[in-house]
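Sequence first, then the predicted structure:
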Amino acid sequence: MDDQNKNLILATALSFLVILVWFVLFPPPEPEVPLDAQVPATAQTQDTGTVPTAPTADSTAQPTTEAASEVADAPRVDIETPRLSGSISLLGGRIDDLRLKDYRVSRDDNADIVTMMAPVGNPDAYYAVYGWAPGSGLDAEAVPGPNTTWTQTGGDTLAVGAPVTLAWDNGAGLLFERTVSIDDQYMFDITQSVTNTSGSAVRAAPYGMLTRHGEPSDLKNFFILHEGAVAMADGELAETDWDEVPDADVDPAWGRPAIVTAGVTSGWVGFTDHYWQSILIPSGVQNFDQALTYAPRTDVYRAVTRLPTQDVADGATVAIQTQLFAGAKEWETIREYQSAGVEGFIDSIDWGWFFFLTKPIFWLLHELNALIGNMGWAIIGLTLIIKAVLVPLAYKSYVSMAKMKELQPRMEELKEKAGDDKQKLQQGMMELYKKEKVNPAAGCLPILLQIPIFFSLYKVIFVTIELRHAPFFGPFQDLSAPDPTSIINLFGLLPNDAPEPTSLMALVFIGILPILLGISMWLQQKLNPAPTDPTQQMIFAWMPWVFMFMLGGFASGLVVYWIANNVITFTQQYLIMRSQGYKPDLLGNIRGSSKKRSAADGD
């Protein structure tokens, strides 16, 4: 076997191995579960309202039916903005009813809009609550907590430019107020204040808390995607999976498993799902604590920001302002908030290990989509640009391959002279390569460089919301999902439905895009004559079709990229080989491989 074929087989085998491992470790994600799915009410438990500085036992939780009834009966303040709808419960002043107007649970025009937050008694109870932890001289009943009933004193509906104000008087000289405003995107501003007329100075610490009852029912559990908690503390990003919080050590100050970062000067903390997230942002506050806690008995997760203790003199008012982001993980929107002062906010999107590639790739894809207006064509345009950047390497690679072909007769002579002396053969080949200035490994470089690019693009396509439900043309209306067409119904010509994208049937009865992928790989192979070695012939013959089935269940946007990459690579290789005086005989190679198969069948 000559070195050219060795290198080609090595590169092909390496690519095959990487894709195989990727496919085994990262199978296609399960379909999204509608967020309005119903579960028995007994699956929920009430939040105990633990005060951050003085944790209490979870045994104080009330039965689920009582908690749900109390929340359902509490008065509410409506939320209505161009992008959000929902309400705030006056029980605890909880932001616990939030829906995203611009997103639906499926592509069906009649599908429900996405529900992001829901009150106790509903599936996936999830809400934001604010309060005060008592300092010296105060007890828990003297400050408002998660179960305090507030009074609406200002504003009828929370809207852009129309804040609402809630108040609670503890009856002992302390008046607490909370003013909530919202912008035209997903950012809430919460101002907590206390006025002291008690006759003596008091101390209290404001806090913000995100509470989730159990893990999300639509959890993807997909290795490439981070779901759970995400935090930024003084420039350090921390991503914590759901199962890591219960496994944390019990913190004495919190009385439960907790991951605590004390003395943070700038940062944020919250929970992130596939496409949505809620983040507590103590903007303008310094020296605060961030914590992730888990209550085992009630299966409640919390993300908490505990702000500095405030000294409130008699007759004084103290106010502190924080922010809450609750919405879709849109790159452009989050980037604008980062520009407005939320440090490192763009990293709340999971860019992965190859972030140095993923971020610029997404930026370029975003700009192309804005220019073209179609994400499928933007992916093809991105492929063209990536291939253009790699042209110098590709040129060297194909020139090296052409030179290797020219050296083929001389290499055969060396083999005949060396006979069984492999060391003599290797020395002769090395001298020949050196003399002719040929690098036999040059052909592998473009393939090796494409592997991290392939992974980065897959990360972009799967993780970023901009690809969710992004249409291409015809049946391809969601580039983040597998190809919806199938051989089983003749790609939509027959009335029967195609198999479910995540089923075994879908991996066998593949769609149009995987077939085009296989054909494009096969044609790329045929630019060169089939190797004479039977083992090599078999590997090369099967490779395109194995990849066709392996990549069939991947996101269709990724398959579009792979097809475009193969077509461009085919064109590049053909033109470069022609420029070096070698004319690929595509039809001859196809006929030749057919004759070899016929001869093999005859034997």
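Alright, I've got the coordinates.

Could you report the pLDDT at the nearest residue to residue 371 once chain neighbours are set aside?
Nearest residue to residue 371 in three dimensions, chain neighbours excluded: residue 378, at 7.8 Å (CB to CB, 6 or more residues apart in numbering). Heads up, the C-betas are built off the backbone N, CA and C, glycines and all. At residue 378, the model reports a pLDDT of 95.

burial measure for residue 378, as a count.
For residue 378, the neighbour count with other CB atoms under 10 Å is 25.

and what of residue 325?
By other CB under 10 Å, the residues close to residue 325 number 22.

hang on, the earlier thing: which strands or helices does the helix or strand that contains the residue nearest to residue 371 pack on?
Element membership for residue 378, per DSSP states H and E: helix 375-389. Helix 375-389 sits against helix 355-372, helix 556-579, with contacts defined as 3 or more CB pairs under 8 Å, 6 or more residues apart in numbering; DSSP states H and E.

so the residue nearest to residue 371 touches residue 372, yeah?
Yes - at 5.2 Å, residue 378 counts as touching residue 372 under the criterion of CB atoms under 8 Å.

Compute the distance between the spatially most central residue of the chain and residue 361, please.
Centroid-nearest residue in the chain, with CA atoms, centre = their mean: residue 463, separated by 2.7 Å. Residue 463 is 12 Å from residue 361, where distance means CB to CB, to the nearest Å.

sorry, back to before: burial of the closest residue to the residue nearest to the centre of the chain other than its chain neighbours, as a residue count?
Take residue 463 and drop its neighbours on the chain: the residue closest to it by CB to CB, 6+ apart is residue 350, 5.4 Å away. The number of residues packed near residue 350 is 21, by other CB under 10 Å.

In contact with residue 350, which residues?
Residue 350 makes contacts with 225, 226, 239, 272, 459, 463, as judged by CB atoms under 8 Å, 6 or more residues apart in numbering.

Hmm, residue 348 and the fourth one touching each other?
Yes - in this structure residue 272 lies within contact range of residue 348 using CB under 8 Å: 6.5 Å.

which residues do the two both contact?
230, 329.

buried set for the helix holding residue 378?
Across helix 375-389, burial judged by 16 or more other CB atoms under 10 Å covers 375, 376, 377, 378, 379, 380, 381, 382, 383, 386, 387.

Which residues does it contact?
The contact list for helix 375-389 (CB under 8 Å, 6+ apart) reads 361, 364-365, 368-369, 371-372, 394, 453, 457, 466-467, 470-473, 476, 479, 557, 560-561, 564-565, 568-569, 572.

now the angle from that helix to helix 355-372?
With axes from the mean of the first three to the mean of the last three CA atoms, to 10 degrees defining the directions, helix 375-389 sits at 120 degrees from helix 355-372.

Mind jotting down where the strands sit in the stretch 51-200 of the chain?
Here the stretch 51-200 of the chain has its strands, by DSSP state E, counting those that start in this stretch, at 76-80, 84-89, 94-104, 113-117, 126-134, 151-154, 157-158, 164-169, 174-182, 187-196.

now the helices and strands packed on helix 375-389 in CSV, with mean neighbour count?
Compiled in CSV, the helices and strands packed on helix 375-389 are given as follows (neighbours: other CB atoms under 10 Å):
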stretch, mean neighbour count
helix 355-372, 17
helix 556-579, 20
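
Distance to residue 545 and mean pLDDT for the ones you listed - can I get that in JSON lines?
Compiled in JSON lines, the helices and strands packed on helix 375-389 are given as follows (distance: least, CB to CB, whole Å; pLDDT from 0 to 100):
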{"stretch": "helix 355-372", "distance to residue 545": "29", "mean pLDDT": "93"}
{"stretch": "helix 556-579", "distance to residue 545": "14", "mean pLDDT": "86"}
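
one step back: buried among the contacts of residue 350? Need that as a selection in PyMOL.
Per 16+ other CB under 10 Å, the buried members of those correspond to this PyMOL selection:
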select buried, resi 225+226+272+459+463
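
For the contacts of residue 350, work out which two are farthest apart.
272 and 459 (14.9 Å; CB to CB).

circling back: toward the C-terminus, what is the element adjacent to the helix holding residue 378?
Toward the C-terminus, helix 375-389 is succeeded by helix 391-406 as the next helix or strand (DSSP H and E).

could you give the angle of whichever helix or strand comes after that following helix to helix 391-406?
Using DSSP H and E, the helix or strand that follows helix 391-406 in sequence is helix 408-418. Using the same axes, to 10 degrees, the inter-axis angle of helix 408-418 relative to helix 391-406 is 50 degrees.

Buried residues, helix 408-418. List them.
Buried, per 16+ other CB under 10 Å, within helix 408-418: 411, 414, 418.

For stretch 241-259, list every residue counted as buried.
Under 16+ other CB under 10 Å, the buried positions of stretch 241-259 are 242, 245, 248, 254, 255, 256, 257, 258, 259.

give me the number of residues near the residue lying closest to residue 284 once chain neighbours are set aside?
Spatial nearest neighbour of residue 284, excluding adjacent residues (CB to CB, 6+ apart): residue 321 at 6.7 Å. When counting by other CB under 10 Å, one arrives at 16 neighbours for residue 321.

What does the pLDDT read for the residue of the chain positioned farthest from its centre?
No residue in the chain sits farther from the centre than residue 417, which is 57.9 Å out by CA atoms, centre = their mean. Predicted confidence (pLDDT) for residue 417: 76.

And for the one 5 residues further on?
Per-residue confidence at residue 422 stands at 78 (pLDDT).

State the phi and psi torsions of it.
Phi and psi for residue 422, reported as degrees, to the nearest 10, are phi -70, psi -30.

separation between it and residue 480?
Taken as CB to CB, the span from residue 422 to residue 480 is 51 Å.

Neighbour count for the two, which is higher?
Using other CB under 10 Å, the more surrounded residue of residue 422 and residue 480 is residue 480, with 22 against 9.

Now that one: which helix or strand?
Residue 480 belongs to no helix or strand, assigned by DSSP H and E.

Over to residue 457?
helix 445-463.

Distance from that helix to the middle of the chain?
Its chain's average C-alpha position is 15 Å from that of helix 445-463, according to CA atoms, centre = their mean, to the nearest Å.

what's the neighbour count on residue 297?
12.

Three-state assignment for it, please.
coil (DSSP: H, G, I helix; E, B strand; the rest coil).

Any chance of the backbone angles for it?
The phi/psi pair for residue 297 (degrees, to the nearest 10) is phi -70, psi -30.

so how far is residue 211 from it?
Distance, residue 297 to residue 211, using CB to CB: 15 Å.

cool, and residue 552?
Distance check for residue 552 against residue 211: by CB to CB, it reads 41 Å.
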